[in-house]
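Novice: sequence and predicted model, in that order:
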Amino acid sequence: MASASRASTPLLKDELDIVIPTIRNLDFLEMWRPFFQPYHLIIVQDGDPNKTIRVPEGFDYELYNRNDITRILGPRSTCISFKDSACRCFGYMVSKKKYIYTIDDDCFVSAPPAPLVSLHDPRSILAFRLLCCRDSVAVIRRDFVGNGDWVAKDPSGKDINALEQHIKNLLSPSTPFFFNTLYDPYRDGADFVRGYPFSLREGVPTAVSHGLWLNIPDYDAPTQLVKPLERNTRYVDAILTIPKGTLFPMCGMNLAFDRELIGPAMYFGLMGDGQPIGRYDDMWAGWCTKVITDHLGLGVKTGLPYIWHSKASNPFVNLKKEYNGIFWQEELIPFFQSISLPKEATTVQKCYLELAKQVRVKLGKVDGYFNKLADAMVTWIEAWDELNPPKGGVTTANGPPKK
Ligand SMILES: O=c1ccn([C@@H]2O[C@H](COP(=O)(O)OP(=O)(O)O[C@H]3O[C@@H](CO)[C@H](O)[C@H]3O)[C@@H](O)[C@H]2O)c(=O)[nH]1
Ligand SMILES: [Mn+2]
């Protein structure tokens with residue numbers, strides 16, 4: 001029987017960093033305070049390094065802007081994107097923790113309190129909840145707790161703690177080799193179904209936990225343009241292992257991973273300023289990650305937890321960023337589907353460098369950009385290994401910025 005984790009989920013507060021890319025502000029942290037305050041935040045400030053980003057009181061954090069990235073990585077800083085959420089991967093590199101959770105600054109525990117709602121007027125709270133219900137079909141109910149904090153509830157009325165769910169996902173095995181039709185067999189109240197081979201029931205270590213989003217779905221620009229008012233109101237109470245040999249579109253908005261198992265593969269590519277492509281950062285990382293987890297016998301899960309995604313980015317701006325990606329991905333997907341990594345590639349770094357070689361040989365002819373990207377993939381691994389020497393190695397000269 002799959003050992004359902006009846007014990008409470010460990011906080012992992014000293015083993016997990018929260019990485020936030022931002023070009024806006026960090027007010028959203030107020031709603032996450034009950035869940036995020038125990039953790040160390042790594043904030044990657046994109047855009048103008050002279051702009052001051054205010055971090056709400058009471059959070060333990062490091063903040064890196066473009067000047068810090070250049071100071072720490074020197075010439076290798078060219079592999080970190082500028083003016084694209086891809087910059088977040090710098091946070092993965094400088095972290096010293098086993099786990100990473102990354103979230104966008106427009107993602108909330110649940111629908112943020114609208115300005116009209118007074119936090120202490122029951123009538124306006126009811127009105128706001130009815131508004132939420134109208135807009136979001138009551139997928140998440142929220143109740144105020146005594147001091148006016150917002151606590152999200154799932155349809156069963158249980159509190160939602162997205163970070164706790166990601167930790168549960170990462171700490172329980174994945175089942176990539178044989179699909180369990182009752183989904184995650186390790187959840188309370190579930191198990192392997194009849195016909196599931198006992199030899200496979202131990203599962204494999206989980207490298208990635210990919211969460212989803214209510215309200216604004218992560219659609220590409222053409223879909224956004226065709227369906228501007230569509231909201232995701234479907235709370236599907238399921239966690240699935242993505243089967244071995246199957247790629248998936250990884251979104252960086254609500255994502256957790258085991259940095260020691262798969263960190264070096266989580267390079268978010270060359271995107272944004274000066275590049276012919278944007279908004280394919282997380283997609284690229286997801287395709288590289290999935291072929292490597294398949295090769296190393298690790299698992300990738302998708303499903304719970306949900307977060308509430310509040311802002312739709314501009315579809316016209318997105319179309320310009322995505323155009324080449326939409327076109328190139330018809331070549332990229334067959335490339336990743338046909339990847340075979342040699343058995344000598346026994347570490348993530350070795351797998352990644354082999355991938356970079358194949359990107360240059362097979363995708364360089366699609367567009368010269370992929371030669372640049374292959375170089376950047378190698379630079380990323382060099383920088384990763386310099387900042388993360390094997391245990392007991394030397395640390396980097398510069399170290400994190402003074403706060
Ligand atoms: O130039 C930029 C733009 C944005 N950011 C920060 O990145 C995240 C996501 O930004 P935003 O919410 O505006 O974009 P979405 O379209 O909703 O994001 C989804 O598309 C993917 C684009 O790659 C992204 O991974 C998804 O989450 C926010 O925190 C912005 O502040 C930035 O740093 N630099
Ligand atoms: Mn967003």
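Specialist: Everything's here; your move. Ligands and ions are numbered 1, 2, ... in the order given.

Novice: how close does whichever residue of the stretch 101-250 of the chain sits closest to ligand 2 get to Y92?
Specialist: Across the stretch 101-250 of the chain, no residue is closer to ligand 2 than D106, which sits at 4.2 Å (CB to the ion). All C-beta spots, glycine's among them, are computed from the backbone N, C-alpha and C. For D106, the distance to Y92 equals 20 Å [CB to CB, to the nearest Å].

Novice: compare neighbour counts for those two and give me the winner.
Specialist: Y92 (25 against 18; other CB atoms under 10 Å).

Novice: around ligand 2, pick out the residues from this structure.
Specialist: D104, D106, K311 (CB under 5 Å from the ion).

Novice: ok, those vs ligand 1, which is closest?
Specialist: Of all those, ligand 1 sits closest to D104, with 3.7 Å by CB to the nearest ligand atom.

Novice: let me see the contact set for the nearest residue to V291 once chain neighbours are set aside.
Specialist: Using CB to CB, 6 or more residues apart in numbering and skipping residues adjacent in sequence, the residue nearest V291 is I339, 4.7 Å away. I339 is in contact with V291, L355, Q358, counting by CB atoms under 8 Å, 6 or more residues apart in numbering.

Novice: and the second one, how many residues sit next to it?
Specialist: Using other CB under 10 Å, L355 is surrounded by 24 other residues.

Novice: list phi and psi for it.
Specialist: Phi and psi for L355, reported as degrees, to the nearest 10, are phi -60, psi -40.

Novice: that one contacts V378, correct?
Specialist: No: in terms of CB atoms under 8 Å, L355 does not count as a neighbour of V378; the distance is 10.2 Å.

Novice: what does the longest helix anywhere in the chain rub up against?
Specialist: Across the chain, the helix with the greatest residue count (assigned by DSSP state H) is helix 315-337. Residues outside helix 315-337 that contact it (CB under 8 Å, 6+ apart) are 84, 220-222, 224-225, 228, 247, 271-272, 276-280, 283, 287-288, 290-291, 358-359, 362-363, 366-367, 369.

Novice: rerun at 7 Å
Specialist: 220-221, 224-225, 247, 276-280, 287, 291, 362-363, 366-367 (CB atoms under 7 Å, 6 or more residues apart in numbering).

Novice: may I see the buried residues of that helix?
Specialist: P315, N318, L319, K321, E322, N324, G325, W328, Q329, L332, F335, F336 (16 or more other CB atoms under 10 Å).

Novice: between these, which is nearest ligand 2?
Specialist: Taking CB to the ion as the measure, ligand 2 sits nearest to N318 out of the buried residues of helix 315-337, at 10.5 Å.

Novice: and the residue of this structure closest to ligand 1?
Specialist: Minimum separation of the chain from ligand 1 (CB to the nearest ligand atom) falls at S85, amounting to 3.0 Å.

Novice: who touches that residue in this structure?
Specialist: S85 neighbours (CB under 7 Å, 6+ apart): P21, D104, G252, D281.

Novice: can you tell me which of those residues are up against ligand 1?
Specialist: P21, D104, G252, D281 (CB under 6 Å from any ligand atom).

Novice: got a list of what the residue of the stretch 101-250 of the chain closest to ligand 2 touches?
Specialist: Applying CB under 7 Å, 6+ apart, the residues contacting D106 are F28, H309, S310, K311.

Novice: surely the second one is in contact with G211?
Specialist: No: counting by CB atoms under 7 Å, H309 sits too far from G211 to count as a contact (10.6 Å).
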